[in-house]
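> fold the following.
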Amino acid sequence: MAIASSEETKDIYKQILDCYRLPGVSNLFSTFKDEIPSEEKCKEQIRASNIEGLLLEFTDNIFNNKSKELAFWFGDDKLETNNPDIELYQGLITELINTGFNNQLEQAKSVYKITRENSPLLVLAIKFYSSADYNHMQYLENERMVGLKLLGHTYDFTKLIRTKPGSRKHRDQIKRFKRDGFTMCHDEKIVQIASRWYYSRVKFAGPTEFCCKVPNLDLIPSNVSLEIKPCDEAMGYPRGE
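The predicted structure is shown next:
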């Protein structure tokens, strides 16, 4: 929504995608390709019900062999690169956050409540989203399969993801999700909450204005404020200011 909200944000995002063609950025990111397991290896591990072993091996390789690249993803501004290409890439991410995720009227007064420093999860999300977009990463789901297309390879995770309700595997998956703290909910609900956060914090001055100006919605500002609280926390938004 932030990218599609204006021609300015679209242009900034396009420049971020163009950065992946620059030597300094492409060299840093391309090294991850060496660690991606082959399609055949994925199939073998899935057949052997050893998908956790495959993921563990992948993460071990990343941590052991790609510490600099990993630091760029998660350490962010603390990483000294001395590379103009990466400096441009980082600067464009900051510009996208300032322009696309802050209230439009407050921007005119140089007030930015969502900042790069206070929202490392947003920085990470922009990096992952743009990298996936540039590499034409696709989530595939149809009657035949559930999978991921990445760098020209299709990884079939049907047996890992699809389970029959009530089956032992289905029950084990639910237990594991609950144990790890994941919330079991529909994707539509997540999209709805994110949309309400965007309209409340970026397009309008808050939940009250959002509820008043958006027609055909029977919403209560206090309920919307409570609903978008997790988004505020994730984005580093100063509630009550």
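
> distance of the nearest residue to Leu121 once chain neighbours are set aside from Glu188?
Distances taken as C-beta to C-beta, 6 or more residues apart in numbering place Ala234 nearest to Leu121, at 5.3 Å, with adjacent residues excluded. To be clear about C-beta, it is placed using only N, CA and C from the backbone, and glycine gets the same treatment. For Ala234, the distance to Glu188 equals 19 Å [C-beta to C-beta, to the nearest Å].

> ok, the two, which is more surrounded?
Neighbour totals were compared for Ala234 and Glu188, and Ala234 leads with 15 against 8 (other C-beta atoms under 10 Å).

> how about the helices in the protein?
Along the chain, the segments classed as helices by DSSP state H run 7-19, 23-30, 39-47, 51-65, 67-74, 84-100, 104-107, 120-134, 158-161, 168-179, 187-198, 207-213, 221-227, 229-235.

> give the buried residues for the first one.
I take that to be helix 7-19. Neighbour-count burial for helix 7-19, counted by 16 or more other C-beta atoms under 10 Å, picks out 9, 12-13, 16, 19.

> just put the residues you listed in TSV and tack on pLDDT.
Listed next are these as TSV, based on pLDDT from 0 to 100:
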residue	pLDDT
Thr9	95
Ile12	97
Tyr13	96
Ile16	95
Cys19	93
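
> so which of those is the closest to Leu217?
Thr9 (24.4 Å; C-beta to C-beta).

> what sits closest to the closest one if chain neighbours are left out?
When the adjacent residues along the chain are set aside, Thr9 lies closest to Gly100, with 4.3 Å between them (C-beta to C-beta, 6+ apart).

> ok, now which ones touch the one you found?
2-3, 5-6, 9, 12, 202 (C-beta atoms under 8 Å, 6 or more residues apart in numbering).

> of the residues you listed, which is the most crowded?
Most surrounded of those: other C-beta under 10 Å gives Ile12, at 21 neighbours.

> surely that one touches Leu92?
Yes. Counting by C-beta atoms under 8 Å, Leu92 is a contact partner of Ile12 at 5.9 Å.

> and the gap between the residue nearest to Thr9 and Glu233?
As for Gly100, its distance to Glu233 is 19 Å (criterion: C-beta to C-beta).
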